[in-house]
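Undergrad: I would like the atomic coordinates for the input below:
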Amino acid sequence: MQLKGKVCIVTGAASGIGRCVSDLFAEEGATLALVDLQEESGHEVASAINARGQGSARFYACDVRSVGEIRGAVDAVKSDFGRVDVLANIAGVSRRTPLIEAVTEEDWDAITSVNLKGAFFMAQSAYRVMLEQGHGKIINMGSTRAMVSDEKHVVYDATKGGIHAITRSFAVAGGPKGIVTNTVAPGYVLTPMTEHNLNNDGWMGHLRERVPIGRMVEMREVAEIVLFVASDRCGGVNGSVFVVDGGRMAHD
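TA: Got it, this is the predicted structure:
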């Protein structure tokens with residue numbers, strides 16, 4: 001039980017990697033504060049965790065595009081549990097954008113409001129609680145697209161580069177105060193939103209050519225790294241990026 005007795009906030013907990021992390025944290029005994037905009041799905045995840053009897057969960061509805069809602073959610077978690085030991089800062093959106101010359105303000109705002117603004121202010125709110133208690137762990141969800149790019153994801157790439165920079169700043173500021181911050185950076189991950197690619201022979205051929213393990217990374221494999229970084233086993237690590245990409249970044 002690596003997280004027994006730990007109060008853990010997981011954002012984006014209603015689906016995808018966030019839900020997988022929530023389930024895994026529960027298996028390890030965590031007391032979970034599940035944060036998401038999707039209320040019905042969020043309550044379903046919390047109910048399923050509580051029914052299994054591994055860990056416990058409570059859902060908090062929050063639109064991370066709103067700083068007021070972020071602060072309200074974190075204040076509610078502190079009021080309910082008295083502290084925040086871990087923040088798994090996973091909520092985000094991933095979508096293609098037009099070519100650079102065609103990106104609009106609306107394209108920019110739709111992605112940065114969640115992936116950058118939302119992630120920063122959620123981390124800030126948890127950080128403030130952790131400062132009061134003198135300890136805490138923040139895990140931000142980055143991406144290999146912070147380090148490699150194509151012409152189809154310029155805004156998304158920018159947000160993930162920003163996340164890696166935010167992690168470094170929090171790590172430097174928080175380290176002396178008992179707060180460590182790290183990034184988990186997945187590559188191609190098999191999620192409900194990406195599984196359609198399995199039926200695309202051309203895309204899968206590209207994957208096998210560029211990713212040495214020849215397949216997409218599983219959500220559970222990403223969640224296991226988030227768990228490791230959140231646990232007491234991961235000591236002395238601060239300001240680091242944990243790449244989970246099947247070797248894609250190692251390929252020339």
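Undergrad: so Leu34: helix, strand or coil?
TA: strand (DSSP: H, G, I helix; E, B strand; the rest coil).
Undergrad: identify the residues contacting the spatially closest residue to it that is not a sequence neighbour.
TA: Excluding the flanking residues, the one nearest Leu34 by Cβ to Cβ, 6 or more residues apart in numbering is Ala13, at 3.8 Å. For every residue, glycine as well, the C-beta is placed using N, CA and C. By Cβ atoms under 8 Å, 6 or more residues apart in numbering, Ala13 lies in contact with 19, 21-22, 32, 34-36, 42, 45, 59, 90.
Undergrad: give me the pLDDT for Ala13.
TA: Predicted confidence (pLDDT) for Ala13: 97.
Undergrad: centre-most residue in this protein?
TA: For the chain, Ile90 is the residue whose C-alpha lies nearest the centre (Cα atoms, centre = their mean; 2.0 Å).
Undergrad: now Gly118: closest residue in space, sequence neighbours ignored.
TA: Closest residue in space to Gly118, ignoring its immediate chain neighbours: Val64 at 3.2 Å, by Cβ to Cβ, 6+ apart.
Undergrad: check the secondary structure at that neighbour for me.
TA: coil.
Undergrad: quick check: the residue nearest to Leu34 is in a strand.
TA: No. Judged by three-state DSSP, Ala13 forms no part of a strand; its state is coil.
Undergrad: what comes into contact with the lengthiest helix in the chain?
TA: For the chain, the longest helix by residue count, based on DSSP state H, is helix 154-174. Helix 154-174 is contacted by residues 92, 94-97, 100, 103, 107-108, 111-112, 115-116, 119-120, 123, 127, 130-131, 136, 138, 140-143, 145-147, 149, 179-183, 185, 238-239, 241 when judged by Cβ under 8 Å, 6+ apart.
Undergrad: can you tell me which of these end up in strands?
TA: Within those, residues falling in strands by DSSP state E are 136, 138, 140-141, 179-183, 185, 241.
Undergrad: now, which of those residues sits nearest Ala73?
TA: Nearest to Ala73, judged by Cβ to Cβ, of those is Ile138 at 15.4 Å.
Undergrad: which residues touch the closest one?
TA: 86-87, 89, 123, 126-127, 130, 167, 170, 174, 179-182.
Undergrad: and with 6 Å instead?
TA: 87, 123, 181 (Cβ atoms under 6 Å, 6 or more residues apart in numbering).
Undergrad: can you tell me the SS state at the first one?
TA: Each residue gets one of three states, and Leu87 gets strand by three-state DSSP.
Undergrad: who is it paired with across the strands?
TA: Counting by DSSP bridges, Leu87 forms beta bridges with Ile9, Ile138.
Undergrad: hang on, Val226 packs against Val184?
TA: Yes. At 5.4 Å, Val226 and Val184 qualify as touching, with contact defined as Cβ atoms under 6 Å.
Undergrad: pLDDT of stretch 190-206, averaged?
TA: Stretch 190-206 shows a mean pLDDT of 77.
Undergrad: so what touches that stretch?
TA: In contact with stretch 190-206 (Cβ under 6 Å, 6+ apart) are residues 16, 216, 218-219.
Undergrad: hmm, try it at 7 Å
TA: If you take Cβ atoms under 7 Å, 6 or more residues apart in numbering as the criterion, stretch 190-206 is touched by 16-17, 216-219.
Undergrad: go on, stretch 237-251?
TA: Residues outside stretch 237-251 that contact it (Cβ under 7 Å, 6+ apart): 142, 144, 147, 164, 167-168, 171-172, 175, 180-188, 210-213, 215, 217, 221-222, 225, 229.
Undergrad: since that was my last question, I'll sign off now.
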